[in-house]
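Dropping a prediction and its sequence here:
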Amino acid sequence: MLKSKVALVTGSSRGIGRAIALKLAGEGADVIINYFRRGQAAEQTAKDVEKLGVTAKLIKANVGDPKKLNEMFDTIDSSFGRLDIFISNAASGLPRFALDLDAKGWDWTMDINAKAFLLGAQRAAKLMEGRDGKIVTVTSLGSHMVLPGYAAIGVSKAALEALTRYLAIELAPRGICVNAVAASLVTTEAGMLYAKIAKEQMGESPSWQTTPAGRLVTPEDLANVVAFLCSEEAFMIRGQIITIDGGTTLVPFGFTSKGG
Amino acid sequence: MSAIEETIKDTIVKIVHCDREVLIPKSTFQDMKADSLDMVQVLVALEDEFGIEIPDEDAQKFKTFGDFVTYIEAKVAEKKGNA
């Protein structure tokens, strides 16, 4: 149970972030819902969080902009004066091949997906002083596998995963746990849009439809693992990237309905 | 031409690096050679510049530079009215 904990979930207007916000709220945490462009969806998430009997606070901020990120943490500091859980989930990126990437697309993706985690974790750690904080990031298989048109995002996720390990060790003496969850294709609006683009590049593949476990990964699958990583039961898990893929990455030559 | 329109032009030229002459009411984002990332950056810059919020739900309806100007002029007027 996360009763009376304060949790920040970046990018929680929809998709994975929304599912995490609702899961943590269901466990009793007050949730700060950060969003950037989807105001209406964020308001809906806040309403749904409040229906679970906890407090929801909306903060609009582009986490890729250090000034806006700092303002968000200033607001959290003045409103709550503390933070127990920081979920660095917000992500963006242009679907481009490495050879088509320009400096602007690279910076945009790295700023939102990787730099925001570094700067956010620094601020979060201060608000977690003496509180046994939990930090979880959301990464993807593209950090170490080559996915079509995923170059910038994949690199940003690799940086995010390396940072997860460094921060796990640097923050361990302060009682703060840092981990990550990595999923294969997730049934979100963004995930399905990516699958459409990837299909055009690579053709049909079972991995756009299902996994060896019989279905695609849902946002709730990730939220369940994130909630576990935020619990005291996960205290000894540090700097790990937990893969949630229904077994997809265990079968490099693809899978059939009979298994491997 | 309104001061608001001038500011919008300044912002688009700075971010998209298109010619100022391209920005006429009928010009589309293709005419500006702007990609989706450019457009998000333009929206964010305009929100900061005018102290307004442009939800994605509204931005998705913009087709031309003229749509941009009309929407933002209305938002700014609305903000003044509420002040």
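Here it is on my side, so go on.

any idea which helix or strand comes after whichever strand or helix holds residue A:167?
In the assignment (DSSP states H and E), residue A:167 maps to helix A:151-171. From helix A:151-171 onward toward the C-terminus, using DSSP H and E, the following helix or strand is strand A:177-183.

residues in contact with the residue in the stretch 151-260 of chain A that chain B sits nearest to?
Of all residues in the stretch 151-260 of chain A, residue A:152 sits closest to chain B, at 10.6 Å by Cβ to the nearest Cβ. Heads up, the C-betas are built off the backbone N, CA and C, glycines and all. Contacts were defined as Cβ atoms under 8 Å, 6 or more residues apart in numbering or on different chains; by that measure residue A:152 touches A:93, A:94, A:96, A:98, A:101, A:105, A:106, A:109, A:110.

Bridged to the spatially closest residue to residue A:87 that is not a sequence neighbour, which residues?
Closest residue to residue A:87 apart from its sequence neighbours, by Cβ to Cβ, 6 or more residues apart in numbering or on different chains: residue A:9 at 4.4 Å. Counting by DSSP bridges, residue A:9 forms beta bridges with residue A:33, residue A:87.

least confident pick among the contacts of residue A:152?
Note: of these, the lowest pLDDT belongs to residue A:94, at 79.

and that residue, how many neighbours does it have?
19 (other Cβ atoms under 10 Å in any protein chain shown).

Flag every residue of chain B that's near chain A.
Within chain B, the positions near chain A by Cβ under 8 Å from any Cβ of the partner chain are B:35, B:36, B:37, B:40, B:41, B:43, B:44, B:53, B:55, B:56, B:57, B:59.

these two touch, right, the second one and residue A:95?
No. Counting by Cβ atoms under 8 Å, residue B:36 stays clear of residue A:95, with 9.9 Å between them.

who's more crowded, those two?
The neighbour count for residue B:36 versus residue A:95, taken as other Cβ under 10 Å, is higher for residue A:95 (20 against 10).

What pLDDT is listed against the residue lying closest to residue A:11 once chain neighbours are set aside?
Nearest non-adjacent residue to residue A:11, counting by Cβ to Cβ, 6+ apart: residue A:90, 3.0 Å away. pLDDT recorded at residue A:90 is 95.

quick one: contacts for the residue nearest to residue B:58 when sequence neighbours are not counted?
Distances taken as Cβ to Cβ, 6+ apart place residue B:71 nearest to residue B:58, at 6.7 Å, with adjacent residues excluded. By Cβ under 8 Å, 6+ apart, the contact set of residue B:71 is B:54, B:58, B:62.

Out of these, list just those in helices.
If you go by DSSP state H, those have residue B:58 in helices.

and residue A:137, which of the three is it?
Following DSSP: H, G, I helix; E, B strand; the rest coil, we place residue A:137 in the strand state.

so what's it bridging to?
In this entry, residue A:137 is beta-bridged to residue A:88, residue A:180, by DSSP bridges.

if I pick residue A:87, what's in contact with it?
Contacts of residue A:87 by Cβ under 8 Å, 6+ apart are A:7-10, A:12, A:17, A:20, A:24, A:135-138, A:226.

Highest neighbour count among those residues?
Counting by other Cβ under 10 Å, top hit in the contacts of residue A:87: residue A:9 with 34 neighbours.

List the contacts of residue A:143.
So residue A:143 contacts A:154, A:157, A:158, A:160, A:161, A:182, A:241 (Cβ under 8 Å, 6+ apart).

elements contacting the lowest-mean-pLDDT helix or strand in chain A?
For chain A, using mean pLDDT, DSSP states H and E, the weakest element among its helices and strands is helix A:189-202, scoring a mean of 83. Contact partners of helix A:189-202 among helices and strands, from 3 or more Cβ pairs under 8 Å, 6 or more residues apart in numbering or on different chains; DSSP states H and E: helix A:15-26.

which residues in chain B form strands?
Using DSSP state E, chain B contains no strands.

Can you show me the helices along it?
Per DSSP H, chain B carries helices over the ranges B:3-16, B:36-50, B:56-59, B:65-82.

now swap in the stretch 1-150 of chain A and tell me
A:15-26, A:39-50, A:66-79, A:103-110, A:116-127 (DSSP state H, counting those that start in this stretch).

Compare those helices and say which comes out lowest on pLDDT.
Mean pLDDT is lowest for helix A:103-110 among these, at a mean of 92.

how about that one against chain B, any contact?
Yes. Helix A:103-110 reaches chain B (Cβ under 8 Å from any Cβ) through A:104, A:105, A:108.

who's in contact with the closest residue to the first one other than its chain neighbours?
With sequence-adjacent residues excluded and distances taken as Cβ to Cβ, 6+ apart, residue A:104 is closest to residue B:37, at 6.8 Å. Counting by Cβ under 8 Å, 6+ apart, residue B:37 touches A:94, A:104, A:105, A:108.
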